[in-house]
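Colleague: Let me see the structure of the following:
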Amino acid sequence: MKLARLLCALTLSTAAVITQAHTHLQNSNPIESSVVGTPPSQVVLTFSEAARVTAAWIQKGEGAKEKLGPLPDESSASVTLPLPSLTPGTYVVSWRAAGDDGHVMPGQVHFTVSAGDSPKNLPQH
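Modeller: Numbers count the residues shown, from 1 in each chain. Got it, this is the predicted structure:
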């Protein structure tokens, strides 16, 4: 019984170390859940270690997904993807990336492009 518990503990601790070793997103620009006044022309993904983005797309609200590209040919800890012209609304940039260990990870960054306060949107006094 003690041997079974020991093997179980060893398996769980090994799995935790392996899980932590995979590449993960550390930062993005635009920042997750941010509201930006100026539509960004690109998204920058910063990973914990080098990764190769294998697919990326953007979607506004419930609209159709639009592929992003060109995708970089090589692995890098920081990946810049050009964005199409964006209008006010809520967006999600989704991607798949492969770490140098071969592990494929999906991810998303959500952000909103605000309409701004034009004179017609200001409250009347």
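
Colleague: Show me which residues of the longest strand that the chain contains are buried.
Modeller: Longest strand in the chain, counting residues (DSSP state E): strand 42-60. Residues of strand 42-60 classed as buried: 43, 45, 47, 50, 51, 52, 53, 56, 57, 58, 60 (neighbour count, 16 or more other Cβ atoms under 10 Å). All C-beta spots, glycine's among them, are computed from the backbone N, C-alpha and C.

Colleague: From the chain's centroid, how far away is stretch 45-63?
Modeller: With Cα atoms, centre = their mean, to the nearest Å as the basis, stretch 45-63 stands 5 Å off its chain's centre.

Colleague: what residues does stretch 78-85 touch?
Modeller: 39-47, 51, 53, 56, 58, 66, 68-72, 93, 95, 97 (Cβ atoms under 8 Å, 6 or more residues apart in numbering).

Colleague: what about that stretch, average pLDDT?
Modeller: Stretch 78-85 shows a mean pLDDT of 97.

Colleague: Per-residue confidence, the closest residue to residue 57 other than its chain neighbours, what does it come out as?
Modeller: Closest residue to residue 57 apart from its sequence neighbours, by Cβ to Cβ, 6 or more residues apart in numbering: residue 65 at 4.5 Å. Here the pLDDT value assigned to residue 65 is 97.

Colleague: ok now do residue 65, which residues does it touch?
Modeller: Taking Cβ under 8 Å, 6+ apart, we find residue 65 in contact with 57, 58, 59, 94.

Colleague: Could you tell me how far it is located from residue 36?
Modeller: 20 Å (Cβ to Cβ, to the nearest Å).
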